[in-house]
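Colleague: How does the following fold in three dimensions:
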Amino acid sequence: MLQKGSSQKWPQQLYDITGTDKMDIRPLRQYFKQLETFLDQQLSNSNETIGWNAIGIYKLLIMRLINRSIDFCN
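Modeller: Purely as a prediction, here's the structure:
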């Protein structure tokens, strides 16, 4: 695949290698399913906010600063 470089467009190379011009992420998701499950469990057990909730981000930053200050003082 890499030998062809830019001489062929990537959809054509995909077809030549896989026999289809459609990409499917399901096999990749299945391969990483155990990791995904583990990470979901870790996130549900943590107090961290995921996403762009500004209040949650500020709380997280303040908690980290407090923890660093405590570590520095000890």
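
Colleague: Would you mind listing where the protein has pLDDT under the threshold?
Modeller: 1-2, 49, 51-56, 71-74 (pLDDT under 70).

Colleague: Scan it for its longest helix.
Modeller: Secondary structure of the chain per DSSP state H: the longest helix is helix 54-73.

Colleague: Buried ones in it, by neighbour count?
Modeller: Within helix 54-73, no residue is scored as buried using 16 or more other Cβ atoms under 10 Å. Backbone N, C-alpha and C define where each C-beta goes, glycine included.

Colleague: what about it, distance to the chain center?
Modeller: 24 Å (Cα atoms, centre = their mean, to the nearest Å).

Colleague: now do stretch 60-74
Modeller: 27 Å.

Colleague: Please point out which parts of stretch 10-19 sit buried.
Modeller: Result for stretch 10-19 [16+ other Cβ under 10 Å]: buried residues residue 14.

Colleague: Only alpha carbons, please: show it as CSV.
Modeller: Below are the C-alpha coordinates for stretch 10-19, written out as CSV (Å, rounded to 0.1, in the frame of the first residue of the first chain):
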residue,chain,number,x,y,z
TRP,A,10,-6.6,6.4,-1.2
PRO,A,11,-10.1,5.2,-2.0
GLN,A,12,-8.8,3.1,-4.9
GLN,A,13,-6.0,1.7,-2.7
LEU,A,14,-8.5,0.8,-0.1
TYR,A,15,-10.6,-1.0,-2.7
ASP,A,16,-7.5,-2.8,-4.0
ILE,A,17,-6.5,-4.0,-0.5
THR,A,18,-9.9,-4.8,1.0
GLY,A,19,-12.1,-5.4,-2.0
